[in-house]
Structure formats: C-alpha cells, structure tokens
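1. coordinates for the following, if possible.
(chains A and B)
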Amino acid sequence: MRDDVSPAQFAFPPITPALEARMNIHQSFLANIRATIAELGTDGILPADLDTSKISAEPPREAGHGDISTNAAMVLAKSAKMQPRDIAEHLAARLGALDTVTEVKVAGPGFINLTLAAHKWRGILADILNTGTAYGDSDFGGGAKVNVEYVSANPTGPLHVAHARGAVIGDALAKLMAKAGFDVTTEYYINDAGAQVEALARSAHLRYREALGEDIGEIPEGLYPGDYMIPVGAALAAEYGDAFKEADEASWLTLFRDFAIERMMDTVKADLSALGIEQDVFTSERDLVDAGAVEDMFSSLDQKGLIYTGVLEPPKGKKLEDWEPRPQTLFKASEFGDDVDRPLKKSDGSWTYFANDIANHYDKFKRGFPIMVDIFGADHGGYVKRMKAAVTAISGGAADLDVKLCQMVHLKKDGKPLRMSKRAGNFVTLRELIDEAGRDVVRFIMLTRKQDSQMEFDLDKVLEQTRDNPVFYVQYAHARCRSVLRNAAELFDDDELTLAALAGADMTSLDDPAEMELIKQMASWPRLIDSAAEAREPHRVAYYLHDLAECFHGLWNKGKDDARLRFIHEDDKVRTLARLALVQSVATVISSGLKVFGVTPVEELR
RNA sequence: GCGCCCGUAGCUCAGUUGGAUAGAGCACCUGAUUCCUAAUCAGGGGGUCGUGAGUUCGAAUCUCGCCGGGCGCGCCA
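-> All right, here's what the predicted structure looks like:
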C-alpha cells in the first residue's frame, strides 16, 4: 500500500500568513522545516521530492535541548542516501538563519535542536488573550461528523458508580473532539426492548399492588427489588386506581413497562444532569425495532451475502450442561475479524440484542456519522470485535467504530475498599457519589487515569486540599491567578485589565527562565489538544493541567526569593501589566482545559 | 482451552504514537514563610520498565513465546 504513494502526494501547501495564524507554534515550525528541505532539494544539496510526512517537530523531553527538536535528518537519511549528521548540518545552517531562531545545534544521532527568540514566545500570550478559552481550538478534525455514544445504561434503575467513569469519559471525549475541530454528536442508546424491561414492568406492578395496600412480601428473584420502584408503584396507583390490580398481565404489561421506563429515564437523565451531562440524542431500541430498522439492517447484510443458517461449535473450556447443537441465523462476523460468526435471531425467531445494536449503528451511519465511538464497561470487552465487524460490514467499510473500554473503579473510604454488590444491597449510586465528593471532583478524578486501566477512587483523598489531590492543585493555581488579578484591580482601571488590553501590553520585560517556561508550557496546549483528540484520550488533559499548575506554583514561589518575579509592582505599571498578561493567560488556559472536562474553575478556595 | 485489556519506584499512576540520561504525586529525608493564599515551593534517596528472544541508527513503546492479574466466551442485555 505504502509503495504506490508517489512523491507528489507529499507536497505540503505553502505557508501563507493566514495559514500560519491557524497553526500552533510547532506546526508552523514543521512547515518551516519542510520548506527548507524543499529548498535544499531545489539547490541540489538533497534529492528532490523527499517524503517529509514522517518528520516531527516537538518540544524535546530534555529542557537543555532547546525549544523545538526535529528528527528530520534521521528520517531522511535512508531515502536521501546520506549520513544523518550531514543532512542535519545542511538543514541547521539554513534554519539558523531564520529570524525567529536564536540558536541551532545538531546533537546525538542527528537531532536538530532549535532555540526560538523570546519575542516569538511572548507573542503566544497575545494569542491566548485574544482567543480566550477558545485558545487551543483547532481544525484537526476538519469538521468530520463524529457520534460518541456513552452511558447507555439499561433503564431499570438509577445510575451507579460503575456508570460514572464511562459517563465522564464519554462527555469529556466529546468536548475534546469538538475542540479539536470535529462535529460531535453525543448519544444515549436506551435498551428498552428486552426481557429485562418486562421484568421492570412486573416489578412496577408489584409495587403498584403494594401501593394499593397489599402485602407483597419479598420481591421475587429476577425482579428489581430496589426501593426506587416504590414511587413508581405509587404513581401507577394514583393514575389507574385498582383497575389492574387483579387483571391479566397481558392487559397491563405494555402500559406499566412504558410508564416505568419513562420514570427510569427521568431519573437517569437527572443523575446525568447532576454530573453536568446532557446528551444530544436519545435513541430508543424499541423505536428502532418498531420502525423496521432491524429488518432493514438484516436485508442489507443478506444482500451482501453475509447471512446464513448454521450450527456453531460449543465454546471450549467452558462447561455448558445444556448445550445442544442448533441451527441458527448467523452473521459472518468472522469475515471481518471476529473469532466466530454471531447469531442474529433467537430460537423463538426474535432478534438478539446484537441484531438490534447493529441496527442502531446502521442507523447512526445513515444519519451521517462515518466515525462512531462507543464507551463501554470492561465487562463488554467480548462484544467489541463483533460490533466493529458489524459496522464494517453494514457500512461497506465506509464507517469506523472505535470502542473505548472503561475499566472498573474501586471506591475506597476510611482506607478500606468499598465493595459494591447489588445482591448485598449496598451498591453506591452515582447520586451518592456526587453528594459525597461533588460534581467537579468526580469529573476530574475520573479523568486522571487512562480509561483502560483500573483506578482507585479514594473518597477521603479526593476531598483533601493538598497537593496529593490533582483537582485541588489545579483549582488552586487558577484561584491564585484570580487573586492576583483582583489585587491588581485596585491599581488599574477596569479597561486596562480586559483581555484585549492585556493582549496589547508591552511584554518585553518577561525574560526570566521561569516565566519563559510557563509561556512555553501554554504554547503547547493546542498541540496537546490535537494529540489527545487523535488518541481519543481525555486523561492527557488532566496531566497537562497538572504540569501547567506546577509550573505556575513554581513561579509564584520564586517571587518570594526574587522580588523581580513578583506579579505586581506598584511602582512599575509596564512591568506589572506584562505579568498580569501572563497570569491572565494561565487562568485562561486552565479554564480552557477545565472546560473540556466540564469542570468549573474556582475564583478562590476557602 | 480461546479472545481482549493490563504489568513501569514501597504505593497510586504518567510516558508527547519508535527518540537523547525512563518521569510525577504520595510516603521517607533536608531546607524555604515580617512577602500577591506555605492549602505552596526548592533539593535528596529510591528502577533488570513482569520475563526471554526478535525487528533497526534507536524499544517502556512494534512482533513472537512464556509468567502474573482483570474481563469475556451459543438464543443476557
């Protein structure tokens, strides 16, 4: 595949001022490097039309290696048939002549390390202040339509902690991708068509009889025993009196089911709302089925020749006493990377959950989403391959499904693990978690770990106001910024402290390494957004914010030793305004990051 | 038995998609407050990146085999 790519495809557009304005500092430098390589090609020093697509321009891991490091020479060495160091020397000579570059060094196997002029960095502050929390927005996604489906919990009870992580990750991922230039729709798929919602209906009927004065005793196995069903029964009793008390199940099942589902979805939505989540679209599995979406899906797969009747092998190693070979209606999932073919119909002829879910994804595809992301719990890991296979098949390869599995969260309190078990009746609801820890804390902490690794949620620690608690640490940095700006308001008129006014401040007095480091940290925010959105890993934002806060706290404390670094200088307005621009920028970037998380930045911590 | 995920400091976890001497917090040790919030900061000790091979200029990262943990495995959703 890679072999038939012609060099012409590696051409990058010329850099116009308009284009440069939309690029972050590393992208724009990468463009400079490519242009220089093209020049060297024209001048016959390097072969023409080299593939520059794999070249990167990144901040080096080591601070001593300058501001921007590129691997260009090493990447080109093979196709140019030259030594990396030689290419590096040629490149370095030309890059060093740029007026934004103050120092250039060739190091190691052929890295080119560039140091940029201070004015280039200071210019970032004006960008930040002029853009506000939109700083970091990019067109990386190119407006591509993306559907992010998350939570999608069964409408049979309130959400519990296990849902919290997926909810927060899905929501933050959606916001992250929107910031990176995708056209994002958030969605909840309501599983309201299976046997479990009938069990819900029966549970509601029991509670209804209870509300009418009957002693219902123990809730039978298989029904939902939770107290949250009591008000549902009461509401049914108020609505219908004793009309269905002794009636045949057939007369009330549908009615009670729909009533209970609606009530459950109301509580689910209220729970999500308490977390600050409001999804764009709620799709009902039952509505899809009623609209014939499953038949559509089925005939589409059938036309592609992907449906057949067959008998599956019994799974090895797992004991199934009641196993007997049966012919089933199967989808050829194994042609698309799944391990075996998967049944679409049950033996009674009704559709499987999987069949309905294919219809759900087919429907999303037809609504115009070539990119779909599903957030699932880790217990659905075995379902991923077949769903991805189905999306590939049903869309003819035109749609891509990415499934993010969220590992479990272990709650801890008083130093002890809080075991959750529905059976024991002590499971923690999402609402209880929010009441205990607070919305912002729950959201932030859930985003401090990669989604596919298990995490610990220590209810005591997350409420501590110490460095150990990343939420606090980041919020504290923001609060400190606001505190400085409040104090400054006593020395300046309001119109001197607007974002626009600060953007126009004379920044030349910002020259200390600690100040420059802070600016460089903020300069990498757009880059972080793109890479986090590409990897679809919102947790990277949490680490970025922690690093930014650390950088700021460090500068703050240096002001204790070195009065020059203090932000407010009553006798020097120009100096002060430059630092206020810096402080306001930090507050803005932190706000921008917290916005991705749906967390509110605080003015002060008391 | 098979598939997927994970394995990094005593603990909880990062690691910019293959880059330079592997990082942060907690815990432990040392220091900083007449000062914009010390709820903070500066410094120190602490590692066979589970393990063995392979791929290449270069591997915690990619491939394969083991070891250990989690999840799943026909008509549950």
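
2. quick check: residues of the stretch 501-606 of chain A near RNA strand B?
-> Proximity of the stretch 501-606 of chain A to RNA strand B (CB under 7 Å from any atom of the strand) is limited to residues A:527, A:531, A:534-535, A:537, A:539-540, A:543, A:546, A:550, A:553-554, A:556-561, A:565-568, A:604-606. The C-beta positions use only the backbone N, C-alpha and C, and glycine is treated the same way.

3. could you count how many residues lie near A:Pro526?
-> Using other CB atoms under 10 Å, A:Pro526 has 26 other residues around it.

4. repeat that for the one 10 residues further on.
-> Neighbour count of A:Arg536, defined by other CB under 10 Å: 17.

5. and it, its phi and psi?
-> Note on A:Arg536: backbone dihedrals following degrees, to the nearest 10 are phi 60, psi 50.

6. now do A:Tyr189
-> phi -100, psi 120.

7. what's the pLDDT at it?
-> In the predicted model, A:Tyr189 carries a pLDDT score of 96.

8. and A:Leu95, by the same measure?
-> You'll see A:Leu95 listed with a pLDDT of 92.

9. can I assume it is in contact with A:Leu114?
-> Yes. The pair A:Leu95 and A:Leu114 qualifies as a contact (CB atoms under 8 Å) at a distance of 6.2 Å.

10. shared neighbours of those two, which are they?
-> Taking CB atoms under 8 Å, 6 or more residues apart in numbering as the contact criterion, the common neighbours of A:Leu95 and A:Leu114 are A:Val101, A:Val104.

11. ok, those two, which is more surrounded?
-> Under the neighbour definition other CB under 10 Å, A:Leu95 and A:Leu114 were set side by side, and A:Leu114 has more, 25 against 21.

12. who's in contact with the nearest residue in space to the more buried one that is not next to it in sequence?
-> Taking CB to CB, 6 or more residues apart in numbering, and ignoring the residues beside it in sequence, A:Leu114 has A:Ile68 as its nearest neighbour in space, at 4.7 Å. Counting by CB under 8 Å, 6+ apart, A:Ile68 touches A:Ile25, A:His26, A:Phe29, A:Ala57, A:Glu58, A:Pro59, A:Pro60, A:Asn113, A:Leu114, A:Leu116.

13. number of nearby residues for the last one?
-> In other words, A:Leu116. 20.

14. can you tell me how far it sits from A:Ala93?
-> Taken as CB to CB, to the nearest Å, the spacing of A:Leu116 relative to A:Ala93 amounts to 17 Å.

15. and if you look at the first one?
-> Taking CB to CB as the criterion, A:Ile25 is separated from A:Ala93 by 22 Å.

16. spell out which parts of the stretch 251-400 of chain A neighbour RNA strand B.
-> Within the stretch 251-400 of chain A, the positions lying close to RNA strand B (CB under 7 Å from any atom of the strand) are A:285, A:311-312, A:315-318, A:320, A:322-326, A:328, A:339, A:343, A:346-348, A:350, A:352-354, A:378-385.

17. from those residues, which would you call buried?
-> Judged by neighbour count, with 16 or more other CB atoms under 10 Å as the criterion, the buried members of these are A:Glu285, A:Gln328, A:Pro343, A:Thr352, A:Phe354, A:Tyr383, A:Val384, A:Lys385.

18. pLDDT score for the last one?
-> Read it as A:Lys385. Note on A:Lys385: pLDDT of 91.

19. same deal with the fourth one?
-> Note for A:Thr352: predicted pLDDT of 94.

20. in the stretch 51-200 of chain A, what residue is nearest RNA strand B?
-> Proximity of the stretch 51-200 of chain A to RNA strand B (CB to the nearest atom of the strand) peaks at A:Gly194, 2.4 Å away.

21. does that residue touch A:Thr352 like I think?
-> No. A:Gly194 is not in contact with A:Thr352 according to CB under 8 Å; the separation is 9.8 Å.

22. so the residue lying closest to A:Trp323 once chain neighbours are set aside, which state does it fall into?
-> In space, A:Trp323 comes closest to A:Pro314 once its chain neighbours are excluded; the distance is 4.8 Å by CB to CB, 6+ apart. Counting by DSSP: H, G, I helix; E, B strand; the rest coil, the backbone at A:Pro314 sits in coil.

23. do the same with A:Arg61
-> With three-state DSSP as the criterion, A:Arg61 reads coil.

24. contact partners for it?
-> Per CB under 8 Å, 6+ apart, neighbours of A:Arg61: none.

25. what of the one 5 residues further on?
-> Contacts of A:Gly66 were listed using CB under 8 Å, 6+ apart, and they are A:Pro60, A:Glu103, A:Lys105, A:Asn113, A:Leu114, A:Thr115.

26. got the phi and psi for it?
-> Phi and psi for A:Gly66, reported as degrees, to the nearest 10, are phi 90, psi -170.

27. which non-adjacent residue is nearest it?
-> Spatial nearest neighbour of A:Gly66, excluding adjacent residues (CB to CB, 6+ apart): A:Asn113 at 3.7 Å.

28. wait, doesn't that neighbour sit right on A:Val104?
-> Yes. A:Asn113 is in contact with A:Val104 according to CB under 8 Å; the separation is 7.1 Å.

29. burial count for the residue nearest to A:Trp323?
-> Taking other CB under 10 Å as the neighbour definition, A:Pro314 ends up with a count of 12.
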